[in-house]
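Asker: task: produce atomic coordinates for the following.
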Amino acid sequence: MADERSVYKPALGKGIVPHEARLHHEKIAEGVLQNALKKSRLTFEDIDAIAYSCGPGLPPALITTANFAIQLSEKYEAPLIKVHHGIGHVEISRLLTKAKDPVILFLSGGHNMILAYVEGYYRVFGEALDITCGNLIDVVAREMGLPMPGGPELERLAKNGKYVNLPISIKGMDLSFSGIQTAALNLLKKGVPREDIAYSLQETCFAMLAEVAERAIAHIKKEECLVTGGVAANRRLREMITVMCEERDAKAFFVPLEYSGDNGVMIAWTGILAHKSGWKPDFKDKINPRWRIDEVKITWI
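Answerer: Now for the predicted structure:
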């Protein structure tokens, strides 16, 4: 196996610029591919299929990698597998943690969902109604002048902070983070120490996530909780979920840190699962930027 990466990082103080992300992908695609082939000691004659992230995500970046994958598929006559980015996170986490049938807390910059496999699909039992927790963290970190991604820097600041009041917004099983973002940015403008804001953000947001995850475990009677996505790297979140699971006699699983963020291995592994199970998408478009995770029929479980 090869795990080659070249991660796009926006300039300090800036968020992701779709055009820049596209240019980055165009520039590095061939080099990453060749490095992966070299490290794995494979040629295209050894490859049974080509998988790529079809969505959801930013269209400029998605279409660039889609075109690259299509060219390879046509050149080497290999089947093309369209992978849902979010399911990639879930499946690599299930593989590496050995979790069998968990409630899944999927937390990244673009996703904030409480999932579980039920009757052929990863069903959504709760999600963010506005912005995600990961997006909130990045926005606040950027306003603080921290480099992206903002999660690790915010976590570092939080170690020396104390709690200041922030609003909590849980609506049934769904979550709202926009009010917390507004409140945090207002505190920043008022001169409240960055450490206190960082600490309070983590304590408030992660308590909300632990609460809805616990409700899901109780509601659908699962005995495992799996946390995946970029936010899963946060140690304080892991502490809270671990305690919650211990109190419910459930097992907590966390994606390994090196696979919490976006990576090609998760797309490749999900492509293998889909290919071997005969999965086919129900659309013909190259990309599907708004592809929901609960629209994908899971044929390999």
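Asker: part of a strand, is Arg274?
Answerer: Just to correct that, residue 274 is Ala rather than Arg. No: counting by DSSP: H, G, I helix; E, B strand; the rest coil, Ala274 is not found in a strand; it is helix.
Asker: specify the beta-bridge partners of the closest residue to it other than its chain neighbours.
Answerer: Distances taken as CB to CB, 6 or more residues apart in numbering place Ile81 nearest to Ala274, at 5.3 Å, with adjacent residues excluded. For every residue, glycine as well, the C-beta is placed using N, CA and C. Counting by DSSP bridges, Ile81 is bridged to Ala51.
Asker: residues contacting Ile81?
Answerer: Counting by CB atoms under 8 Å, 6 or more residues apart in numbering, Ile81 touches 49-52, 271, 274-275, 279.
Asker: then Leu95?
Answerer: Contacts of Leu95 by CB under 8 Å, 6+ apart are Trp269.
Asker: who's in contact with stretch 252-260?
Answerer: Counting by CB under 8 Å, 6+ apart, 89, 92-93, 96-99, 102, 224-233, 238, 241-242, 244-246, 265-266 sit against stretch 252-260.
Asker: list the buried residues in that stretch.
Answerer: Within stretch 252-260, the residues that qualify as buried are 252-255, 259-260, counting by 16 or more other CB atoms under 10 Å.
Asker: rewinding a little: ok, the contacts of Ile81 vs Ser178, which is closest?
Answerer: Proximity of the contacts of Ile81 to Ser178 (CB to CB) peaks at Tyr52, which lies at 32.2 Å.
Asker: can you name the next helix or strand after the strand or helix carrying Leu136?
Answerer: For Leu136, the host element (DSSP states H and E) is helix 133-143. As assigned by DSSP H and E, the chain's next helix or strand after helix 133-143 is helix 150-158.
Asker: quick one: mean pLDDT for that next one?
Answerer: Average pLDDT, helix 150-158: 94.
Asker: do the same with stretch 208-228
Answerer: For stretch 208-228, the mean pLDDT works out to 96.
Asker: appreciated, that's everything.
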